[in-house]
Structure formats: structure tokens, C-alpha cells
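> Kindly generate the corresponding structure for this input.
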Amino acid sequence: MAPTRIAFSNPYPRKFFDRPTTDVAKDLVGAILARQDSQGGLLAARIVETEAYIAGDPANHAWKGPTRRNWTMFTGPGHLYVYRIHQVHCANATTIPAEAVLLRAAEPLTPGLGSMRGPGLLCRAFSLTKEEDGLDLTTDARVRILPSSDEPLRIDTARRIGIRLGKDYPLRFAARGSKEVSRPIPARPGSSSS
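This next block holds a predicted model:
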């Protein structure tokens, strides 16, 4: 179901991203990822799965400090951090210094967007590459994250997937019942949700 409206001119402000990373990761589930294409059209998808990468986390690219690859993670909240791994790109929204939220999966809202059931497919659908690394999500005219006018989604929490280190941290957040989540979170007693 498409949102009532997509207001590309009204992205989340910097203060939305300048908060604890786990809070931002939860709040991004249900938000709209939008991009102006080269013909002036709008591509949009509802984010349905995220992962938080925090300080002291061995899976966090920035846990050992700044490098050429992770420099965007040190430029402040609200930037797009795009990196390449295993021949695919992954996109993150930066939060507090050296922390970020991986945009893991999304549901298409505009025609022509294929499956985004994983971070590589999401980046391919939105043509996000290293060229977009460092874009300001609060002011850039090409890529933004927008509030949704829909009802908030119910969110389940689980361990992150696709990593070797820090895999036991419960920092993966997914929209309950979404068919576009990269790997469903099984309902179980004691699982957290909001």
C-alpha cells in the first residue's frame, strides 16, 4: 500500500539522525527512501528492515577509527555512507560520529522498482554506488529519507545477519509481516517488538 503522499521537499532533519543509533534504526523502519531519477521522476520505497552499527561493535566499519573507506561515518549525522562488499553496494544513514544504520530492505512504492529484499538489491534499485557516498540526506536534491504519512509499523528485533563479528547483538529491526524483509524474524516468546 502506497503512502498517502510522498513529500520529497520535506526530508527528515539533521536532528532526527543525531540521536542514539538504535533509536534511529527503529524509527527508519516505515520511513520512505526516495530518489529523483535522471528524467526528473521520483523513485520511492518504504524501508522495512534496518541494522544498527554502534560504538564498540566489531562489525562496525568505524570501530578502529577513520579510514579512507569509512570516512563518511565521521562527517556527522544524516549522510549516506555507501560501501562495496562482495561485488554489491550497501547504503547506510550516518548517526552520531562513527555509527550508522544499514538500510537492509524496502518495499517498492513506485512502479519499476524490483525486489529490495537485501541491501545489495536496495542499492541496485536506487542506483546507489560509491558515487553517492557522502550525500547529505537532509539537503541533497537527489536522495532523501522522508517521514511516512502511514500508520507506524510494528517492529520486531533480532540478531543481525550476514556478518561474522558481533552477530549476537540484537540490532536488526524489521517490519512485522512484511514480505520484503530479507530474512523473516520468527515470532517467539520473549521477542521484542514495538
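> now the strands for the chain?
Ranges of strands in the chain, per DSSP state E, are 32-36, 42-53, 80-85, 88-94, 100-108, 143-146, 155-158, 172-175.
> for these, which one sits closest to residue 115?
Among the strands of the chain, strand 100-108 comes nearest to residue 115, with 8.1 Å by Cβ to Cβ. To be clear about C-beta, it is placed using only N, CA and C from the backbone, and glycine gets the same treatment.
> now that closest one and strand 88-94, what's the angle there?
On the basis of axes from the mean of the first three to the mean of the last three Cα atoms, to 10 degrees, strand 100-108 is oriented at 110 degrees to strand 88-94.
> What residues sit buried inside strand 100-108?
Of the residues in strand 100-108, 100, 101, 102, 103, 104, 105, 106, 107, 108 count as buried by neighbour count, 16 or more other Cβ atoms under 10 Å.
> again, but for stretch 154-169
Residues 155, 156, 157, 158, 160, 162, 166, 169 are the ones in stretch 154-169 that count as buried (16+ other Cβ under 10 Å).
> and the strands of the chain as JSON lines, adding mean pLDDT and distance to residue 26?
Below are the strands of the chain laid out as JSON lines (pLDDT from 0 to 100; distance: least, Cβ to Cβ, whole Å):
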{"stretch": "strand 32-36", "mean pLDDT": "95", "distance to residue 26": "16"}
{"stretch": "strand 42-53", "mean pLDDT": "95", "distance to residue 26": "8"}
{"stretch": "strand 80-85", "mean pLDDT": "96", "distance to residue 26": "19"}
{"stretch": "strand 88-94", "mean pLDDT": "97", "distance to residue 26": "13"}
{"stretch": "strand 100-108", "mean pLDDT": "97", "distance to residue 26": "9"}
{"stretch": "strand 143-146", "mean pLDDT": "96", "distance to residue 26": "14"}
{"stretch": "strand 155-158", "mean pLDDT": "94", "distance to residue 26": "6"}
{"stretch": "strand 172-175", "mean pLDDT": "96", "distance to residue 26": "5"}
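> Let me have these in a markdown table, adding distance to residue 115 as columns.
Formatted as a markdown table, the strands of the chain follow (distance: least, Cβ to Cβ, whole Å):
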| stretch | distance to residue 115 |
| --- | --- |
| strand 32-36 | 14 |
| strand 42-53 | 11 |
| strand 80-85 | 19 |
| strand 88-94 | 13 |
| strand 100-108 | 8 |
| strand 143-146 | 20 |
| strand 155-158 | 20 |
| strand 172-175 | 15 |
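> Spatially nearest residue to the residue nearest the centre of the chain (excluding sequence neighbours)?
Centroid-nearest residue in the chain: residue 103, 2.2 Å away (criterion: Cα atoms, centre = their mean). Excluding the flanking residues, the one nearest residue 103 by Cβ to Cβ, 6 or more residues apart in numbering is residue 91, at 5.0 Å.
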